[in-house]
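K.L.:
got a predicted model here, sequence first, then my questions.
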Protein chains: 2
Amino acid sequence: MIMFDMIGLDADDTLWHNETIFSLTQDKFKRLLSPYHSAEWIDQRLFATEMRNLEYFGYGIKGFTLSMIETAIELTEGRIQGSEIQMIIDFAREMRRTPVQLLEHVQEVVTTLAQHYPLMLITKGDLLDQESKIAQSGLADYFRHIEIMSAKTEPTYAALLAKYGIPSERFLMIGNSLKSDILPVVALGGHAVHIPYHITWSHEVIADTASRSQEYATLEHIGLLPALVEQMQHR
Amino acid sequence: MIMFDMIGLDADDTLWHNETIFSLTQDKFKRLLSPYHSAEWIDQRLFATEMRNLEYFGYGIKGFTLSMIETAIELTEGRIQGSEIQMIIDFAREMRRTPVQLLEHVQEVVTTLAQHYPLMLITKGDLLDQESKIAQSGLADYFRHIEIMSAKTEPTYAALLAKYGIPSERFLMIGNSLKSDILPVVALGGHAVHIPYHITWSHEVIADTASRSQEYATLEHIGLLPALVEQMQHR
C-alpha cells in the first residue's frame, strides 16, 4: 500500500488551458506574415528563434513575444513596419488578458483530492503570468504549497522534494508534459500520472516514450484521477 | 534586547549592481533614437510606457525591452527600422549576459551575518533573471531561503512572514528601496535598514520620507551593517 505525502499538480494544460492561447496567437502571427512566407516556414523559423532565446528569455508570454518580433524582422529582412511590430506587442497584452479557463473536471477533482492529500502546484514559466493565473483560477486555497520554477528537471525536482522533506517514493506528480512533469519524477523514484493535452508545444515533445511507459500511468482526462489515486493506494 | 529570527536581504542594488545595467542600456536606447527626439523626452516617454506595461509585463529585462520597443515605435511614428528594433532586442541579450558584480563589502558582510543569523534573500522581478544572478553571485549557500516575488508590498511581506512563522518584530530587512524594502516592513512592525544605491529607478522613488525616517536606520554602505546589527541587538 502506497501512501502519498504530497501530490504535485502541474498547472498550464493540466489544470487550465494554456497552449491553446499560444497556438491562437501564433495563428495571428502567421496571418500577419502571410504576405512574406508560408505558414510552415514561419512556424519553423519561430520555433528556431524560441529555442535560441530560451537561455536568455525563458518560458512565457514575454519571451514568446520577443521571439515573434525577432522572427518577423528576420523573415521580412527588416521590412516589417513599426505598426506591425506594435500589433505583435498587442498580441502579448491580449494573451495576458485572456481569462483563465479551467479544463473540464478540474474544479471537482482538485476539491476532492485536497480533502485527502496535501497538494502542491508546481509550474514553470514567467512569475507574473503564473501568479496571475493562479489567483484567477480560484484554486489557490486548495494547495498547501505553490512553487513556480524556471525549469522542471531532475535536479530541480530533487531540490524541491529535499526542501519539503518529501521522500520521492511518497510523491505523486500529475501533468501533461512527459518531459517536464513525468520523466524527471519517475527518474527520481517518484510516481507520476500523465494526462496529455490535445496540443503539445514542440519543445516538450520527446521521442521514444514507449520504453518508459511502464513506469507511469496515463489517463485520458483528469476526471479519472481520483479513482486512480484511490487504486494506487490499495495496490 | 532584540533578537532577529531572520534577516532579509534585497538583491538588486543591495548585493549586486543592477540599476546601472538598465541605465547604461537606456543610454544606448537614447542614442538610437537621438535623430528623432531629445534625451529628456525619450526618458519621459519610456517611463510612461513602462508604467503602463507594468501590470502586463512586470519587472525585469524582458518587460523593459518590450517597453523600449513600444516607445521606439511611438516616438518614430512607426518609422523605426526592423534592424533598429533588432538592436533593441540585442541590448536585452547583452543585459542578460552582463556578469553579476557584487557591491563593495558584500562578500564579507554576507559571510559574517550568515554565521550568526538565518538569512533570506528577498528579490523582486523576473524569475529567470533573478535565478541566474543568484547562481552567478556565489552567495546562494549563505541563504537559508530564497524568495523571488512579483511585488514587494505590505501584503506580500505579511504572507512571507506567515509562511515561515516569523513574528514581524523579530524580522530585519535590508535594502536599497524605501518603497519595496523598507516602508512595507516597517508598516508591519518589522525592522529595516535602508542602504541607498547611487541610482534609484523613478518608479521606486517616493516622496516625503522625512516623516518616517525615525522608523528605520540608514547606512551609507553595506560594510557598516554588521556593526549596526550588533548594536541593535544590545539596545
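P.N.:
Arrived safely, thanks for sending.

K.L.:
the helix or strand harbouring residue A:72 - what's its average pLDDT?
P.N.:
Take DSSP states H and E as the rule and residue A:72 turns out to sit in helix A:61-75. Averaging pLDDT along helix A:61-75 gives 97.

K.L.:
so that helix versus helix B:61-75, what angle?
P.N.:
Per axes from the mean of the first three to the mean of the last three CA atoms, to 10 degrees, the angle that helix A:61-75 makes with helix B:61-75 is 50 degrees.

K.L.:
for helix A:61-75, packing partners?
P.N.:
helix A:19-32, helix A:39-57, helix A:82-97, helix B:61-75, helix B:82-97 (3 or more CB pairs under 8 Å, 6 or more residues apart in numbering or on different chains; DSSP states H and E). No exception for glycine: its C-beta is placed from N, CA and C like everyone else's.

K.L.:
Serialize those helices to a markdown table and add fields for distance to residue A:65 and mean neighbour count.
P.N.:
Conversion of the helices and strands packed on helix A:61-75 to a markdown table gives the following (distance: least, CB to CB, whole Å; neighbours: other CB atoms under 10 Å in any protein chain shown):
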| stretch | distance to residue A:65 | mean neighbour count |
| --- | --- | --- |
| helix A:19-32 | 9 | 16 |
| helix A:39-57 | 9 | 17 |
| helix A:82-97 | 4 | 18 |
| helix B:61-75 | 6 | 23 |
| helix B:82-97 | 11 | 18 |
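
K.L.:
could you list the contact residues of chain A toward chain B?
P.N.:
A:56-58, A:62-63, A:65-66, A:69-70, A:72-73, A:76-83, A:85-86, A:89, A:92-93, A:96-97, A:125-128, A:131, A:148-150 (CB under 8 Å from any CB of the partner chain).

K.L.:
wait, is residue A:111 part of a helix?
P.N.:
Yes. According to DSSP: H, G, I helix; E, B strand; the rest coil, residue A:111 belongs to a helix.

K.L.:
what sits against it?
P.N.:
residue A:142 (CB atoms under 8 Å, 6 or more residues apart in numbering or on different chains).

K.L.:
again with residue A:153
P.N.:
A:180, A:184.

K.L.:
low-scoring stretches of chain A, by residue?
P.N.:
Scanning chain A for pLDDT under 70 picks out A:1-2, A:207-214, A:235.

K.L.:
give me the phi and psi for the residue lying farthest from the centre of chain A.
P.N.:
In terms of distance from the mean C-alpha position of chain A, residue A:79 ranks first, at 34.1 Å (CA atoms, centre = their mean). Residue A:79 has phi and psi values of phi -80, psi -10 when expressed as degrees, to the nearest 10.

K.L.:
quick check: nearest residue in space to residue A:132, chain neighbours excluded?
P.N.:
Computed as CB to CB, 6 or more residues apart in numbering or on different chains, the closest residue to residue A:132 that is not its neighbour in sequence is residue A:96, at 7.4 Å.

K.L.:
gap between the one you found and residue A:42?
P.N.:
23 Å (CB to CB, to the nearest Å).

K.L.:
quick one on the thing from earlier: closest to residue A:182 out of the helices and strands packed on helix A:61-75?
P.N.:
helix A:19-32 (16.5 Å; CB to CB).

K.L.:
now that closest one against helix A:61-75, angle please.
P.N.:
Taking the same axes, to 10 degrees, one finds helix A:19-32 and helix A:61-75 inclined to each other by 20 degrees.
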